[in-house]
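coords please:
(4 chains)
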Number of protein chains: 2
Amino acid sequence: MDTRTPASERSPWLPFESRRRARDEKREAVLRTAVQLFLERGYHRATLNEVADRLNITKPALYNYFHSKEDILFECWSIGQERVEDQLVEIEAAGANGLTTLRMLVRTYAATMASDFGASLVRFNVADLSEPNQKTTLAGKRRIDRAFRDAIKQGIADKSIKPCDVKLTAFAILGALNWIGHWYKPGGELSADQIADDFAIRLTADIAKSSSPANSKSKKKISKPKAARAIRNT
Amino acid sequence: MDTRTPASERSPWLPFESRRRARDEKREAVLRTAVQLFLERGYHRATLNEVADRLNITKPALYNYFHSKEDILFECWSIGQERVEDQLVEIEAAGANGLTTLRMLVRTYAATMASDFGASLVRFNVADLSEPNQKTTLAGKRRIDRAFRDAIKQGIADKSIKPCDVKLTAFAILGALNWIGHWYKPGGELSADQIADDFAIRLTADIAKSSSPANSKSKKKISKPKAARAIRNT
DNA sequence: ACTTTTTCTTACCCTCGGGTAATATAGACA
DNA sequence: TGTCTATATTACCCGAGGGTAAGAAAAAGT
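Below you'll find the model as predicted:
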């Protein structure tokens, strides 16, 4: 239910077989392939021909589903952002105290960072998007930032978190989390979930007031977000 | 003594004045301009014509100092890496205990991340370098990683740091630090040094054994590395 | 089976930008 | 003032890759 896709991915366009499948399914296959390639080789070095090749089609076929290369890039980012957004909503709705909320945020966000679409949130360059799309991404980043800061603030207010510089604390936590998107590789010793659980405690240890270790009640509650979008966990 | 260069940078090629200055000075001016532009617009979107324009020269003139665009990119990375390397050596030579060493590492690395050449260590894509240069950069990253892990290990051994998972601890700390290279902008409320000092404590608070707050003795000892290379602190 | 619609391919175009060749200009030195 | 060397400019090449036009080939409809 996590991790990056293991390269052995099936294309809906099988080389010489009967084609025709649901349009959305193909669209999503393009995005999955594209995000992987963009992460592997970088957005600019990855060509649409390569994307098409991996799908057993030719470049112009991609234009049935997307307007431009940048459109694909933005969609990749968008999927990651939407996932995070869903998690934020869900966590905020849970109405836990500050510390618990923060830990839920850390755990889910860490797990997301270990996925392709999650990593795309931090590995892609905002400058490669069009002006309006840049605005959208910036708004998304702010939204995430705010969620973390609000949880910290709330924690300080409800005494579950020690008084601290909210901004810097959030930066430090988000930095450690975002960095996962750069170093995590699926096949390692630790699974994405293990890392997520560890970080949930580790990154909040210094500011947690109650020394009660790792209130692990809320763990399973969040880890399965509802299917809000067809592309899942790749 | 830190921070990113404030865009109002003098080019050694003044529009219509007597030219001819030391070769190295010009070479460095190219690098300073290039690293800024690469950070601003991204390596691929930044063109050599733009670099040249900012220096009041034309593109081919750049080839008097560098073999290729990638050469410039690698040099930018290289300068940042060399700075860090010098700091590592200096800190290791100090022979402090694990926790103090770790804090020194955090402080200096954080300050470096707030500089252009420091940020280039994490903002540039390794895939944009040639094979041999990629190897060099990877070796550099490993070297940094090792320094942090060694400090943590040593701290656990000498009891200045609580037992903990060395690898994940290092990842978390380095993540928070590397992220500075993405969010830090010179004009903000906090100076690079303030952030560095704060992070030195913040990122080690949960694993520090002695609750003695912020052993601030070693602060000034490191913050002025000897001039090992002509390009300083931009 | 014929047409219509959607999807995909072949064959292009065209711009952008890294890199180079040929040449000019500036300073150094005589 | 002439020549040499270093450095810069003008003018160009050319490959890569995003994007498109026109038409083939499947589905789908009738």
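
Below-threshold pLDDT in chain A: ranges please.
The model of chain A has pLDDT under 70 over residues A:1-9, A:11-21, A:210-234.

wait, is A:C76 part of a strand?
No. Under DSSP: H, G, I helix; E, B strand; the rest coil, A:C76 falls outside any strand and is assigned helix.

Okay, helices next: where are they in chain A?
Using DSSP state H, the helices found in chain A span residues A:23-41, A:48-54, A:59-62, A:69-94, A:98-113, A:116-123, A:131-157, A:166-183, A:192-202, A:219-222.

what's the angle from the longest one to helix A:166-183?
Calculated by axes from the mean of the first three to the mean of the last three C-alpha atoms, to 10 degrees, helix A:131-157 forms an angle of 120 degrees with helix A:166-183.

quick one: buried residues of helix A:131-157?
Neighbour counts over helix A:131-157 (16 or more other C-beta atoms under 10 Å in any protein chain shown) mark A:133, A:137, A:140-141, A:144, A:147-156 as buried. For every residue, glycine as well, the C-beta is placed using N, CA and C.

can you redo the helices of chain A as JSON lines with distance to B:L99?
What follows is the helices of chain A, written out as JSON lines (distance: least, C-beta to C-beta, whole Å):
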{"stretch": "helix A:23-41", "distance to B:L99": "36"}
{"stretch": "helix A:48-54", "distance to B:L99": "48"}
{"stretch": "helix A:59-62", "distance to B:L99": "54"}
{"stretch": "helix A:69-94", "distance to B:L99": "34"}
{"stretch": "helix A:98-113", "distance to B:L99": "24"}
{"stretch": "helix A:116-123", "distance to B:L99": "30"}
{"stretch": "helix A:131-157", "distance to B:L99": "25"}
{"stretch": "helix A:166-183", "distance to B:L99": "18"}
{"stretch": "helix A:192-202", "distance to B:L99": "17"}
{"stretch": "helix A:219-222", "distance to B:L99": "31"}
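
so which of those helices comes closest to B:L168?
Nearest of the helices of chain A to B:L168, taken as C-beta to C-beta: helix A:192-202 at 5.8 Å.

Which residue is the nearest non-sequential neighbour of the spatially most central residue of chain A?
Nearest residue to the geometric centre of chain A (C-alpha atoms, centre = their mean): A:G118, 2.0 Å. Among residues not flanking A:G118 along the chain, A:T112 sits closest, at 3.6 Å (C-beta to C-beta, 6 or more residues apart in numbering or on different chains).

Let me see the contact set for the one you found.
Going by C-beta atoms under 8 Å, 6 or more residues apart in numbering or on different chains, A:T112 touches A:G80, A:R83, A:V84, A:Q87, A:G118, A:L121.

out of the residues you listed, which touch DNA strand C?
Among the contacts of A:T112, proximity to DNA strand C is found for none (C-beta under 7 Å from any atom of the strand).

hang on, the earlier thing: so how far is chain B from the residue nearest to A:G118?
Taking C-beta to the nearest C-beta, to the nearest Å as the measure, A:T112 falls 15 Å from chain B.

re the thing from before, how far away is the residue nearest to the centre of chain A from A:T101?
As judged by C-beta to C-beta, to the nearest Å, A:G118 and A:T101 stand 20 Å apart.

what does A:V84 give?
15 Å.

go on, A:D128?
According to C-beta to C-beta, A:D128 stands 33 Å off from A:T101.

cool, and A:Q154?
7 Å.

cool, A:A29 as well?
Distance from A:A29 to A:T101, by C-beta to C-beta: 36 Å.

Those two: which is more packed in?
Using other C-beta atoms under 10 Å in any protein chain shown as the criterion, A:A29 and A:T101 rank with A:T101 on top: 25 against 21.

B:F38 versus that one, what's the distance?
Noted for A:T101: a distance of 38 Å to B:F38, by C-beta to C-beta.

Tell me the most packed of the contacts of A:T112, by neighbour count.
Neighbour counts for those, by other C-beta under 10 Å, peak at A:G118, which reaches 31 neighbours.

What sits closest to A:S160 if chain neighbours are left out?
A:L99 (3.7 Å).

Give me the neighbour count for the one you found.
25.

right, and it touches A:K153 too?
No. If you go by C-beta atoms under 8 Å, A:L99 and A:K153 don't touch, sitting 11.7 Å apart.

sorry, back to before: select, from the contacts of A:T112, the two members most distant in space.
Within the contacts of A:T112, two members stand farthest from each other by C-beta to C-beta: A:Q87 and A:L121, at 12.4 Å.

Could I get the contacting residues of A:L203?
By C-beta under 8 Å, 6+ apart, the residues touching A:L203 are A:V106, A:A172, A:I173, A:A176, A:L177, B:A172.

Just name the closest of those residues to A:C76, please.
Nearest member of the contacts of A:L203 to A:C76, counting by C-beta to C-beta, is A:L177, at 19.0 Å.

ok, now how distant is A:A94 from DNA strand D?
Distance of A:A94 to DNA strand D, given as C-beta to the nearest atom of the strand, to the nearest Å: 41 Å.

so that residue touches A:M104, yeah?
Yes. A:A94 lies in contact with A:M104 (C-beta under 8 Å); the separation is 6.9 Å.

quick one, which of the two is more surrounded?
Neighbour tally, A:A94 and A:M104, criterion other C-beta under 10 Å: the higher count belongs to A:M104, 24 against 13.

how close does the closest residue to that one other than its chain neighbours get to A:N178?
Nearest residue to A:M104, sequence neighbours excluded (C-beta to C-beta, 6+ apart): A:I91, at 4.7 Å. From A:I91 across to A:N178, the span is 18 Å (C-beta to C-beta).

Also A:A61?
From A:A61 over to A:N178 the distance is 34 Å, taken as C-beta to C-beta.

can you check A:D198 too?
In this view, A:D198 and A:N178 are 16 Å apart by C-beta to C-beta.

give me every residue that touches the closest residue to A:A111 other than its chain neighbours.
Among residues not flanking A:A111 along the chain, A:A196 sits closest, at 4.3 Å (C-beta to C-beta, 6+ apart). Contacts for A:A196 (C-beta under 8 Å, 6+ apart) come out as A:V106, A:R107, A:T108, A:A110, A:A111, A:A114.

No further queries at this time; thank you.
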